[in-house]
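Asks: Provided below are the primary sequence and the corresponding predicted coordinates.
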Amino acid sequence: MNTAATPTSVLYNKLTGVWGRNVVIGIPLAFLLAFFLLPFLVVFKISVSEMDNVVFKDLIIWSDGILQLKVKLGNYIFIAQDDLYFKTYISSLKFAGITTAICLLIAYPFAYFMARSPADKRPALLMLVMLPFWTSFLLRVYAWKMLLADNGVFNNVAMQIGLISEPLKMMNTPFSLVLGMVYTYLPFMILPLYANLVKMDLRLLEAALDLGATPWQTFWRITVPLSKSGIIAGSMLVFIPCVGEFVIPELLGGPQTLMIGRVLWDEFFSNNDWPMAATVAVVMVLLIIVPLALFNKYQAESTAGGRR
Amino acid sequence: MAIVSNPNAPVPKPSAAPFLQIKHVVKQFDDVFAVDDVSLDVQQGEIFALLGSSGCGKSTLLRMLAGFELPTSGQIFLAGQDIVGLAPYERPINMMFQSYALFPHLSVWENIAFGLKRDRMPKLEIEARVEQMLDLVQLKQYAKRKPHQLSGGQQQRVALARSLAKRPKLLLLDEPLGALDAKLRERTQLELVDIIEKVGVTCVMVTHDQEEAMTMATRIGVMSEGKILQIGRPSDIYETPNCRFVADFIGSVNLFKGAVEVDQPDHVVIASPECKHYVSHGITGTSGMTVHVAVRPEKMTIQKGLPSDEERESLEEVGFNIAQGIIKDLAYLGSLTTYHVQLDGSSTIVKVTHTNAARHDATHLTWGDKVYVWWCGSDVVVLTS
């Protein structure tokens, strides 16, 4: 939208100038540049480096008037050809996807009723959502180990009351992995959804009812489309860290739940193959960033001429 | 309480059974009566305005008609059917919301079609109806736009088209023009009435703007503190208010408190500290009772000298009142000037408006001038409450 000529923006420009705006945008940009882009480039460099025992060989060599650029693509070719990596990536995306979907299913009604609850109760509910953050993430994941183990709390109780005759295998299965990830990441889905739903103009819902939409239709035709940005934000906040998650698969996962975070760990610390680990990491980042960038571009286009 | 100030005014006759009947409706929020025993009838094809300041209960009453609030007690009949138990989506009533509540994610076309789609109307019929509505509000070329790409006036028309698309039996307007600026509002008022009359829908509107109510409505109900104080045509409400609140709320008024001194069938005299008021019609009151005399500023004449002999002659036929005072303040408003005159021997200030009919006013009244103010006994309203 064209907002250039509004009086406030004129005033704003006079007060701060283009310079002020650049500084405000520039600080986080510089931060990302220094602590994300540069390290990523270092990782990328390692991924295409050759090892000479424990030293990386230089990529660019200058000798006898010849400038040599040596880029080792062997690791990338290996990843492309080796089934294991491909399957691990797919399985990571799958578990992250399942986790995101379940989080959304649980978080949406939760956020919805939180946003519709009396205004004086909302801070307390919000507090409850954030309460788990007050204890260590590691401790909480460990606690699930105790609960889900073959002789853990759940199995013991279920056997005591005669619900099952022998322990259910819950630990180190896809079930325990997804449960752990849903448990951990649920607040990251709830909060953006809540922030979106609480701002929603309730008169729009009344307008829909007035025009003959049942409450159910109103929900699907008005509430859900209008909360799209909250759904997208929440899904990204859950999906992206889940793809690269290491701790939860390590503690709660099992042989069937190979995830790329663990492969990465193994390459670094068990195999000590830094270039290979770096390659795995670079591919993972690309796997996430490329679809996101495409998605963002599509979003920007569909709202072009867009919101005020 | 009934003051027969203008006994010749025809009262709108209820022909058949009223189309919309509100019977003893009460809405209580905790201890507060938002709507307190309101009964009113609206005839088919009427534009009825509920007028009142914010918090008077007019919006709550409208929301009960739409079905968003449930009356604590009372009944609402629409075309003979009790609608109190019906959910908003089951009522043949549509509302144009304050600041419109257009769906931001849907285009103009989809906004108008929204209600029709919920009725599972065949696709071709929906298309025809939406086209017809777009024609009606002259927005054909904007069908594909999103609401935020339209101006305030265009959004208002989309909202109107959306609320008319289902051909409701009753149209509700909640502060229909409140979001528009003054110039646009004036034009839109008449446009809106034109469209509503073309469609022939019965209409209940809510507004705090008396000018809007008087321009658009066939009848007005003045509300205060949950009660309806007076129902009548705009001219009834203005010229024969039934209580001080209505007289003061609609337009500007000078009120004098006094006691009935002479009570005759054809005239009364009321003594107030400022002057004696001759009223050239009878009132239903008794001698000695305390009443208020209301005179509209435009019914008063202001002049430096006493009325001329000819003027006096014609004035005396109907009986008149005259007072002397000093101009304390004046407000020049272009079309008219309002003088604030302090009457002699009291602290009472009366407002007198003078139409600036000529470009150069010969009277040259200004601050501090000693003036005479007079008004006819037939232009006075006596209020007992």
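Replies: Sure thing, it's come through.
Asks: please work out which residue of the stretch 51-200 of chain B is closest to chain A.
Replies: In the stretch 51-200 of chain B, the residue that lies nearest chain A is B:Gly115 (3.4 Å; C-beta to the nearest C-beta). Backbone N, C-alpha and C define where each C-beta goes, glycine included.
Asks: what does the pLDDT read for that residue?
Replies: With respect to pLDDT, B:Gly115 has a value of 94.
Asks: name the element residue 287 belongs to?
Replies: Went with chain A since none was named. A:Leu287 belongs to helix A:274-302 when elements are defined using DSSP states H and E.
Asks: pLDDT averaged over stretch A:215-233, what's the number?
Replies: The model assigns stretch A:215-233 a mean pLDDT of 93.
Asks: quick one: the strands in the stretch 1-150 of chain A?
Replies: Using DSSP state E, counting those that start in this stretch, the strands found in the stretch 1-150 of chain A span residues A:51-52, A:55-56, A:60-63, A:66-69.
Asks: okay, now the closest residue to A:Ser227 other than its chain neighbours: neighbour count?
Replies: Spatial nearest neighbour of A:Ser227, chain neighbours left out: A:Asn196 (4.9 Å); criterion: C-beta to C-beta, 6 or more residues apart in numbering or on different chains. Using other C-beta atoms under 10 Å in any protein chain shown, A:Asn196 has 20 other residues around it.
Asks: what does the one 4 residues further on give?
Replies: The local packing of A:Met200 (other C-beta under 10 Å) involves 17 other residues.
Asks: next one: B:Ile195
Replies: Neighbours of B:Ile195 under the rule other C-beta under 10 Å: 17.
Asks: where in the chain is pLDDT low?
Replies: Because you didn't say which chain, this covers chain A. Counting by pLDDT under 70, the ranges of chain A that qualify are A:1-17, A:302-308.
Asks: actually it's chain B I care about, not the one you picked
Replies: Scanning chain B for pLDDT under 70 picks out the ranges B:1-16, B:362.
Asks: in its sheet, what does the lengthiest strand in it sit against?
Replies: Counting residues, the longest strand in chain B under DSSP state E turns out to be strand B:320-332. The sheet places strand B:320-332 alongside strand B:336-343 (antiparallel), strand B:370-376 (antiparallel), with pairing taken from DSSP bridges.
Asks: put the alpha carbons of the last one into PDB.
Replies: The C-alpha atoms that make up strand B:370-376 are tabulated as PDB, following Å, rounded to 0.1, in the frame of the first residue of the first chain:
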ATOM      1  CA  LYS B 370     -28.800  46.200  25.400                       C
ATOM      2  CA  VAL B 371     -31.400  44.400  23.500                       C
ATOM      3  CA  TYR B 372     -35.000  43.200  23.500                       C
ATOM      4  CA  VAL B 373     -35.900  39.600  23.000                       C
ATOM      5  CA  TRP B 374     -39.400  38.500  22.300                       C
ATOM      6  CA  TRP B 375     -41.300  35.400  21.300                       C
ATOM      7  CA  CYS B 376     -44.900  34.300  20.600                       C
END
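Asks: so which bits of that strand are buried?
Replies: Neighbour counts using 16 or more other C-beta atoms under 10 Å in any protein chain shown place B:Val371, B:Tyr372, B:Val373, B:Trp374, B:Trp375, B:Cys376 of strand B:370-376 among the buried residues.
Asks: next up, the contacts around the second one.
Replies: Read that as B:Tyr372. B:Ile302, B:Gln303, B:Lys304, B:Gly305, B:Leu306, B:Pro307, B:Ile322, B:Ala323, B:Gln324 (C-beta atoms under 8 Å, 6 or more residues apart in numbering or on different chains).
Asks: give me that answer again for 7 Å
Replies: Listed by C-beta atoms under 7 Å, 6 or more residues apart in numbering or on different chains, the contact set of B:Tyr372 reads B:Gln303, B:Gly305, B:Leu306, B:Ile322, B:Gln324.
Asks: drop anything exposed from those.
Replies: Neighbour-count burial (16+ other C-beta under 10 Å) is assigned to none of the contacts of B:Tyr372.
Asks: between the buried residues of strand B:370-376, which is nearest B:His105?
Replies: B:Trp375 (59.0 Å; C-beta to C-beta).
Asks: chain A versus the closest one, what's the distance?
Replies: Going from B:Trp375 to chain A by C-beta to the nearest C-beta, to the nearest Å gives 47 Å.
Asks: returning to what we had before: in which helix or strand would I find the residue of the stretch 51-200 of chain B closest to chain A?
Replies: Here B:Gly115 is assigned to helix B:108-118, by DSSP H and E.
Asks: C-terminal to that helix, what's the next element?
Replies: Using DSSP H and E, the helix or strand that directly follows helix B:108-118 along the chain is helix B:123-136.
Asks: list the helices and strands that following helix packs on?
Replies: Helix B:123-136 sits against helix B:108-118, helix B:152-164, with contacts defined as 3 or more C-beta pairs under 7 Å, 6 or more residues apart in numbering or on different chains; DSSP states H and E.
Asks: try it again with 6 Å
Replies: In terms of contacts (3 or more C-beta pairs under 6 Å, 6 or more residues apart in numbering or on different chains; DSSP states H and E), helix B:123-136 is packed against helix B:108-118.
Asks: quick check: residues of chain B near chain A?
Replies: Proximity of chain B to chain A (C-beta under 6 Å from any C-beta of the partner chain) is limited to residues B:66, B:68, B:88-89, B:94-95, B:97, B:101, B:105, B:114-115, B:118-119, B:148.
Asks: residue furthest from the geometric center of chain A?
Replies: The outermost residue of chain A relative to its centre, with distances by C-alpha atoms, centre = their mean, is A:Asp64 at 49.2 Å.
Asks: list the contacts for it?
Replies: Not one residue lies near A:Asp64 by C-beta atoms under 6 Å, 6 or more residues apart in numbering or on different chains.
Asks: rewinding a little: can you put the strands of the stretch 1-150 of chain A in CSV and add distance to B:Val199 and mean neighbour count?
Replies: As requested, the strands of the stretch 1-150 of chain A are exported to CSV (distance: least, C-beta to C-beta, whole Å; neighbours: other C-beta atoms under 10 Å in any protein chain shown):
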stretch, distance to B:Val199, mean neighbour count
strand A:51-52, 82, 12
strand A:55-56, 80, 11
strand A:60-63, 79, 9
strand A:66-69, 77, 8
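Asks: now do the strands in the stretch 201-350 of chain B.
Replies: For the stretch 201-350 of chain B, applying DSSP E, counting those that start in this stretch gives strands covering B:202-207, B:219-224, B:227-232, B:254-263, B:268-271, B:276-279, B:290-295, B:301-303, B:320-332, B:336-343, B:349-355.
Asks: note down every partner strand of the fourth one and its orientation.
Replies: When you say that, I think you mean strand B:254-263. Here strand B:254-263 has these sheet partners by DSSP bridges: strand B:268-271 (antiparallel), strand B:290-295 (antiparallel).
Asks: before we move on, what about the last one?
Replies: According to DSSP bridges, strand B:349-355 has the following sheet partners: strand B:336-343 (antiparallel).
Asks: cool, and the shortest one?
Replies: Strands flanking strand B:301-303 in the sheet, each with its direction: strand B:370-376 (antiparallel) (DSSP bridges).
Asks: in chain A, what residue is nearest chain B?
Replies: Nearest residue of chain A to chain B, counting by C-beta to the nearest C-beta: A:Leu211, 3.4 Å away.
Asks: for that residue, which non-adjacent residue is spatially closest?
Replies: Using C-beta to C-beta, 6+ apart, the closest residue to A:Leu211 is B:Gly115 (3.4 Å).
Asks: circling back to that earlier point, out of the strands paired with strand B:254-263, the one nearest B:Met133 is which?
Replies: Using C-beta to C-beta, the nearest of the strands paired with strand B:254-263 to B:Met133 is strand B:290-295, at 45.1 Å.
Asks: in the closest one, what counts as buried?
Replies: B:Val291, B:His292, B:Val293, B:Ala294, B:Val295.
Asks: just checking, next helix/strand downstream of the host helix or strand of A:Leu251?
Replies: Assigned by DSSP H and E, A:Leu251 falls within helix A:247-252. Following helix A:247-252 in sequence order, the next helix or strand is helix A:260-265 (DSSP H and E).
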